[in-house]
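A.B. asks: Build the 3D model from these lines:
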Amino acid sequence: MRVLLSTYGSRGDVEPLLALAVQLRALGADVRVCAPPDFEGLLAGAGVTLVPVGPSARELTKLAPPPSSLPERAAGVIAAQFSAIPAAAGDCDAMVATGMLPAAAGALSVAEMVGIPSVYVSFQKLVLPSPDHAPLAYPGRPFPPGVRDNRVLWELDALSVDALFGEALNGCRARNGLPPVDHVRDYVIGARPWLAADPVLDPWPSASDLAVVQTGAWFQPDDRPLPADLEAFLDAGAPPVYVGFGSMPMHSAENLPRVVVESVRAQGRRAIVSHGWADLSPDADDCFVLGEANHQALFPRVAAVVHHGGAGTTSTATRSGTPQVVVPQLADQPYWARRVADLGIGVAHDGPAPTLESLSSALRTALLPEFRARAAAVAATTGADGAAVAAGLLVEMSAGRVCACRGDFWRSLRPAGG
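C.D. replies: Numbers count the residues shown, from 1 in each chain. Just a heads-up that it's a prediction; the model follows:
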């Protein structure tokens, strides 16, 4: 069995695919990953082949384009899928696609073009239509004020997606002999998408109109030891506070290193600061600046985790049983901040730009004993590794294809040809 895993986005879009790749290889599958070139080292460390697609995701993120340029940027991302993926997909038996919606639309179109079945996976439910929740608005295309009916909002969302990405997608499809897509969003999601999120953190409503397969969150068990100097810092005093904003450039926060260190110091704690894509490098004796590290090993040993609210970081922090402060920047991150607050396992910071006063207040609350107790209780209820579940589904579906038996498993893939 040969499987192509495709994404375009930040590390939070790539790491779950790495987890799935490892599980698939354990079941005897040949796996390759199409992703931005930024993540060659990450994948190579696990022995997974990267097929680089498009420009650097980090550089694209740092540009912070105005909303008016979104269709142009998306057109470039879609074209990159048609350029890079066909050669990688030609001898595959199936494709799993995720990442930013225009990239997924391009990748799934390539699967259709080369004649292999494919499935779309989301790492949070907000992009999957349901009357139980509203869609995310695209930059520069806010929903009309006063509209509260979720079904109406999803209809408007479909129109926005078509307006933003339809022309570029259908242009690439036409040049490659494919018919036009009437509704881009519905084409991407398909009849039975997968939701790779923990049902405790992100439950899919059972009464929804859309037949979603919720596998649980995909994560790669990490047994790497922490660096010796980080171990020494941890052992030198009470548990510090971890602060990291992942792939967010943090354009909106001025003096962020100072705010972070002084807010943590105000709680009588030391700080571990991950420099991330924001290049945070505070210089202070009570602060350890961190590059790459094993969050699964680190988070249980800190007093609190301050982060941007990416799906992967939120899931890892929740599984660690450590209280969180979420400083959401964009997209689904405000949703994860609300989920953390609603579950009582941390605090949702008000807005994307923390100040000394606002971050100190959020940390003061998150460090209360009741939040640690609640975080530990919720951690005990989180599910098993969803990547193993997803890998098993793909193998079973492949076996059904070989014996020409198209049961329920196989129907969760879109058939070759759209």
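
A.B. asks: Below-threshold pLDDT in the stretch 151-300 of the chain: ranges please.
C.D. replies: By pLDDT under 70, the low-scoring segments of the stretch 151-300 of the chain are 247-254, 276-278.

A.B. asks: Helices of that one, start to end?
C.D. replies: Assigned by DSSP state H, counting those that start in this stretch, the helices in the stretch 151-300 of the chain fall at 167-175, 184-189, 228-235, 256-265, 295-298.

A.B. asks: Is it possible to get TSV of these that adds mean neighbour count?
C.D. replies: C-beta here means a position set from N, CA and C on the backbone, and glycine is covered the same way. Compiled in TSV, the helices of the stretch 151-300 of the chain are given as follows (neighbours: other CB atoms under 10 Å):
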stretch	mean neighbour count
helix 167-175	18
helix 184-189	21
helix 228-235	13
helix 256-265	21
helix 295-298	19
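
A.B. asks: elements contacting the strand or helix carrying Val51?
C.D. replies: If you go by DSSP states H and E, Val51 is part of strand 49-52. Judged by 3 or more CB pairs under 8 Å, 6 or more residues apart in numbering; DSSP states H and E, the packing partners of strand 49-52 are strand 30-35, helix 40-44, helix 70-89.

A.B. asks: how far out from the middle of the chain is the last one?
C.D. replies: With CA atoms, centre = their mean, to the nearest Å as the basis, helix 70-89 stands 19 Å off its chain's centre.

A.B. asks: Not counting sequence-adjacent ones, nearest residue to Pro36?
C.D. replies: Ala57 (3.9 Å; CB to CB, 6 or more residues apart in numbering).

A.B. asks: ok, that neighbour touching Asp38?
C.D. replies: Yes. Counting by CB atoms under 8 Å, Ala57 sits close enough to Asp38 to count as a contact (5.3 Å).

A.B. asks: which ones are touching the residue nearest to Pro36?
C.D. replies: Applying CB atoms under 8 Å, 6 or more residues apart in numbering to Ala57 gives the contacts 8-10, 36, 38, 247.

A.B. asks: Quick check: ChimeraX command selecting the buried ones in those residues.
C.D. replies: Buried residues within the contacts of Ala57, by 16 or more other CB atoms under 10 Å, are selected in ChimeraX with:
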select :8,9,10,36,38,247
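
A.B. asks: Out of the contacts of Ala57, flag the one nearest to Gly312.
C.D. replies: Ser10 (9.3 Å; CB to CB).

A.B. asks: Now that closest one: phi and psi?
C.D. replies: phi -90, psi -170 (degrees, to the nearest 10).

A.B. asks: cool, Gln324 as well?
C.D. replies: Per degrees, to the nearest 10, the backbone of Gln324 is at phi -130, psi 150.

A.B. asks: do the one 3 residues further on as well
C.D. replies: The main-chain torsion angles of Val327 are listed as degrees, to the nearest 10 and equal phi -110, psi 80.

A.B. asks: Now do the contacts for it.
C.D. replies: By CB under 8 Å, 6+ apart, the contact set of Val327 is 245, 306-309, 337, 349, 352, 354, 359.
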